[in-house]
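Asks: structural data only, the sequence is not supplied:
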């Protein structure tokens, strides 16, 4: 979630967290990180999300944030342990960065890094360390967002050579999303309407809980609601969200969109579960 | 807390957390980090500990760990925000490190670092970044614990030139404690007895909840219990705990021990609250 104003994620999290063992078969742990100012509050649990006490706290705790990344894990590589639980966190240029990955990179992806090393044994954390290491090597100080975007477009093109690389990355200000196969998003802004979750019979009237200045982007593998129009990222597309809207996009021409069935089939073949 | 076997911290936390706004005046946020295997579960809250929903979760959630660092903050430098909340976390040599500080370093302590930069604006986080940066510069791979201890003894001597530096640092295996003024510890091992908290009328019979293989060291500013004998670190002493006991110590001769009153008076003068 990337927002213009600090926003409560409880509605989306109610549906999302059901995918951790109830309506979906993702069940090898979950994590959610909230940026608050320059700080980061990260909750990780190697228990299934649907019955985790940490998820219970998140569901009922009123945390407002402009950038949130959540992940429910079905292990493809690496055991179900805390150190392999997404999202992953590092500090770069005196700020925290958060990263989550849905996909599977080949065992040949073993980049050498100078500043960051994986703590666990997942392809995902190696990819995160590689991205940050390359950014840190190229820029001794934090560059502007456009320079960051251009560098990440190049780096994502390198990483996806090794396999499926659906990922979300944020520095607490902007949020980058890269799709190899399936990634959807919605931008909610005035006039706000009703939304109804796919995974739970829960409906919300956003007009009663928002202000005219609110604008909220939610990015997920598959849409969370069944009565709103979600957009899809093309294969190999990278986008940058800022203040709840897309401000940069990079997509190979012509754009290719997978159907849900094609995306799920590719995931099955790669050993990734949605 | 540093232990031989994964241990539940709930008894000590029950007393400790009362110091966050009830029996003590520490009230600018709290944090607690649990190492679990190679992973780290860090809970941070910029609310007073005594009524924080996160502290509530920790009190009732059965997390067992061999190394735990908790901190209740009374701000001396830096606003009461999440990014200034201890303990601080970084990755070094492919492992997580956790750090908490009780003290106050002068504004002249502004070390240049290559690998780590503070996200918030506290003297404490700058000190942590300095320690890790120096370790990373001296050792490209993780050295043995004795080499780590020798390097840290030298680095702590540098940092304490700038002011009061009571700190705890852990890599999830060993735990380092350095005292400028007040730091106490207890090693609980067989035969286990009764303990009664200072801050809450709560008693525990450790013999009913331990095994003969348990050994647990608890290190705190001031003793948490009133019917056990706590040991004190000397001024400028550095110790290393492993498997619940001290395995290395470095102390200037002759050792100087402050009384509780002297320590509290120095803290008051430095603007530090206990």
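Replies: In hand now; what should we look at? The structure presented is a predicted model; accordingly, all values stated were derived computationally and were not measured.
Asks: residue A:90: which element?
Replies: Using DSSP states H and E, residue A:90 sits in strand A:88-92.
Asks: actually, residue A:186.
Replies: strand A:184-188.
Asks: list the neighbouring strands of that strand plus their orientation.
Replies: If you go by DSSP bridges, strand A:184-188 pairs up with strand A:216-220 (antiparallel), strand A:231-232 (antiparallel).
Asks: so what touches the shortest one?
Replies: Contacting residues not belonging to strand A:231-232 are listed as A:182, A:183, A:184, A:185, A:186, A:257 [C-beta atoms under 8 Å, 6 or more residues apart in numbering or on different chains]. All C-beta spots, glycine's among them, are computed from the backbone N, C-alpha and C.
Asks: about what we covered before: just the strands paired with strand A:184-188: most buried one?
Replies: Each of the strands paired with strand A:184-188 was scored by mean neighbour count; the highest is strand A:216-220, a mean of 24, by mean count of other C-beta atoms under 10 Å in any protein chain shown.
Asks: which strand residues bridge residue A:188?
Replies: residue A:216.
Asks: what residues does chain A put near chain B?
Replies: Counting by C-beta under 8 Å from any C-beta of the partner chain, the residues of chain A close to chain B are A:36-46, A:53-54, A:57, A:60-61, A:81-85, A:89-91, A:93-96, A:115-120.
Asks: pLDDT wise, what is the residue in the stretch 51-200 of chain A positioned nearest to chain B at?
Replies: Nearest to chain B in the stretch 51-200 of chain A, going by C-beta to the nearest C-beta, is residue A:82, at a distance of 2.7 Å. Looking at residue A:82, its pLDDT reads 91.
Asks: for it, list the residues it contacts.
Replies: Counting by C-beta under 8 Å, 6+ apart, residue A:82 has contacts A:29, A:44, A:45, A:46, B:36, B:37, B:38, B:39, B:40, B:41.
Asks: output these as a markdown table; include the columns pLDDT and distance to residue A:133.
Replies: Below are the contacts of residue A:82 laid out as a markdown table (pLDDT from 0 to 100; distance: C-beta to C-beta, whole Å):
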| residue | pLDDT | distance to residue A:133 |
| --- | --- | --- |
| A:29 | 80 | 25 |
| A:44 | 91 | 22 |
| A:45 | 85 | 28 |
| A:46 | 79 | 26 |
| B:36 | 93 | 26 |
| B:37 | 92 | 24 |
| B:38 | 95 | 20 |
| B:39 | 96 | 21 |
| B:40 | 96 | 20 |
| B:41 | 93 | 25 |
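Asks: need the buried ones from these selected in PyMOL.
Replies: Per 16 or more other C-beta atoms under 10 Å in any protein chain shown, the buried members of the contacts of residue A:82 correspond to this PyMOL selection:
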select buried, (chain A and resi 29+44+45+46) or (chain B and resi 36+37+38+39+40+41)
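Asks: adding distance to residue B:127 and secondary structure, write the contacts of residue A:82 out as a markdown table.
Replies: Putting the contacts of residue A:82 into a markdown table (distance: C-beta to C-beta, whole Å; DSSP: H, G, I helix; E, B strand; the rest coil) gives the following:
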| residue | distance to residue B:127 | secondary structure |
| --- | --- | --- |
| A:29 | 33 | coil |
| A:44 | 26 | strand |
| A:45 | 31 | strand |
| A:46 | 31 | coil |
| B:36 | 26 | strand |
| B:37 | 27 | coil |
| B:38 | 25 | coil |
| B:39 | 25 | strand |
| B:40 | 19 | strand |
| B:41 | 23 | strand |
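Asks: what lies in contact with the strand holding residue A:186?
Replies: Residues contacting strand A:184-188 (C-beta under 8 Å, 6+ apart): A:177, A:195, A:206, A:214-223, A:225, A:228-233, A:239, A:241, A:244-246.
Asks: of the residues you listed, buried ones?
Replies: A:177, A:195, A:206, A:214-223, A:225, A:230, A:232-233, A:239, A:241, A:244, A:246.
Asks: where does residue A:86 sit: helix, strand or coil?
Replies: coil (DSSP: H, G, I helix; E, B strand; the rest coil).
Asks: pLDDT wise, what is it at?
Replies: 94.
Asks: okay, helices next: where are they in the stretch 51-200 of chain A?
Replies: A:53-60, A:123-138, A:145-159 (DSSP state H, counting those that start in this stretch).
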